[in-house]
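> dropping a prediction and its sequence here:
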Amino acid sequence: MAWKAIDRITPVVDREAGPVLSEAVREKIRSFFPRYETKRAALLPALHVVQDALGHVSWAAMVEIAELLEIPPSQVIDTITFYTHFWTHPKGRKVITVCRSISCEIMGGAAVLDAIKSHLGIDEHQTTADGRYSLRTEECLAGCDHAPCLLINEKLHKRVRPEDVARILEDEDNDRLDVPRSDLFDAPPETEGATGQATSGEAEAAVGSGSKQPQAEASG
């Protein structure tokens, strides 16, 4: 019988044909460099930009990010596997994340999760046949005062009941955000002569406005 030794020490990443990151994505990442003392400090914003552009961060993309930031690929891999937000493989166009914290469990989160599974015909870590939805759970979504809650992509849906599930999932705008996550890293536009302080007129208007807008059940 012939035996074949397999090298399990040297990391191997399959290269895709041509670069994975477009020049526009690379330029977006480079735009972060002046804000930090080192390029490595721009790793998290870079990961958000790549995931926004590609839908996930493949192993090949991690290597290209490492090259841009002049760091070992292992540092990119360590970071991306630490945060549950990032995906290393293709997922549905919309990712449903159901909170399973104590608050959400007490308020009926398990029933909401069951309703989603029943409506879509999938289980956790699965994707619908049409590629529209993937389903996952998370320990906490930081929305305990609005339990039970869930995310569709980055949009938070609050106080969800099992009978709300069908309506929410059929809404084409159920994941719409006013500002994409990666754009939150953009520097605010500089206004000539701005001091960072409100004018007296602005302050008076703020004080004189006593009305408050009601909080929506879904926020982006």
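Structure received. Numbering: from 1, shown residues only.
> CA only for contacts and neighbour counts going forward, please
Fine.
> ok now do residue 65, which residues does it touch?
By C-alpha atoms under 8 Å, 6 or more residues apart in numbering, residue 65 lies in contact with 46, 73, 76.
> residue 62 is in contact with the second one, correct?
Yes - Residue 73 is within contact range of residue 62, at 6.5 Å (criterion: C-alpha atoms under 8 Å).
> of these two, which one has the most company?
Set residue 73 next to residue 62 and count neighbours by other C-alpha atoms under 10 Å: residue 62 wins out with 24 against 20.
> if I look at that one, how far off is residue 111?
37 Å (C-alpha to C-alpha, to the nearest Å).
> in the protein, mark out all the helices, start to finish.
23-30, 43-54, 59-69, 73-82, 102-106, 109-120, 165-170, 200-208 (DSSP state H).
> just give the closest residue to residue 162, not the sequence neighbours.
residue 112 (4.7 Å; C-alpha to C-alpha, 6 or more residues apart in numbering).
> the one you found: what's it in contact with?
160, 161, 162, 165.
> closest one of the contacts of residue 65 to residue 131?
Sorting those by how near they are to residue 131, with C-alpha to C-alpha, puts residue 46 at the top with 25.5 Å.
> for that closest one, which residues are in contact?
So, once contact is read as C-alpha under 8 Å, 6+ apart, residue 46 ends up touching 29, 65.
> what do you get if the cut-off is 10 Å, keeping everything else the same?
Counting by C-alpha atoms under 10 Å, 6 or more residues apart in numbering, residue 46 touches 25-26, 28-32, 40, 52, 65, 68-69, 182, 185.
> so which of these comes closest to residue 136?
Nearest to residue 136 among those is residue 52, at 18.5 Å by C-alpha to C-alpha.
> so what's the residue count around the closest one?
16.
> give me the pLDDT for it.
Note for residue 52: predicted pLDDT of 89.
> in PyMOL, how would I select the buried members of the contacts of residue 112?
Buried residues among those (16 or more other C-alpha atoms under 10 Å), as a PyMOL selection:
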select buried, resi 160+161+165
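> which of the contacts of residue 112 fall within strands?
Judged by DSSP state E, strands contain none of the contacts of residue 112.
> same list, the contacts of residue 112, but as JSON lines with distance to residue 87 and pLDDT please.
Shown next, in JSON lines, are the contacts of residue 112 (distance: C-alpha to C-alpha, whole Å; pLDDT from 0 to 100):
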{"residue": "160", "distance to residue 87": "25", "pLDDT": "96"}
{"residue": "161", "distance to residue 87": "28", "pLDDT": "96"}
{"residue": "162", "distance to residue 87": "27", "pLDDT": "96"}
{"residue": "165", "distance to residue 87": "24", "pLDDT": "96"}
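> nearest residue to the middle of the chain?
residue 85 (5.0 Å; C-alpha atoms, centre = their mean).
> please report how far that residue lies from residue 123.
Distance from residue 85 to residue 123, by C-alpha to C-alpha: 19 Å.
> show me this structure divided up by domain.
When the chain is parsed with automatic domain parsing, its domains come out as 23-82, 94-170.
> could I get the ones you listed in JSON lines, plus columns for distance to residue 177?
What follows is the domains of the chain, written out as JSON lines (distance: least, C-alpha to C-alpha, whole Å):
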{"stretch": "domain 23-82", "distance to residue 177": "13"}
{"stretch": "domain 94-170", "distance to residue 177": "6"}
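> ok, which of those comes nearest residue 176?
Once the domains of the chain are compared by C-alpha to C-alpha, domain 94-170 is nearest, at 6.8 Å.
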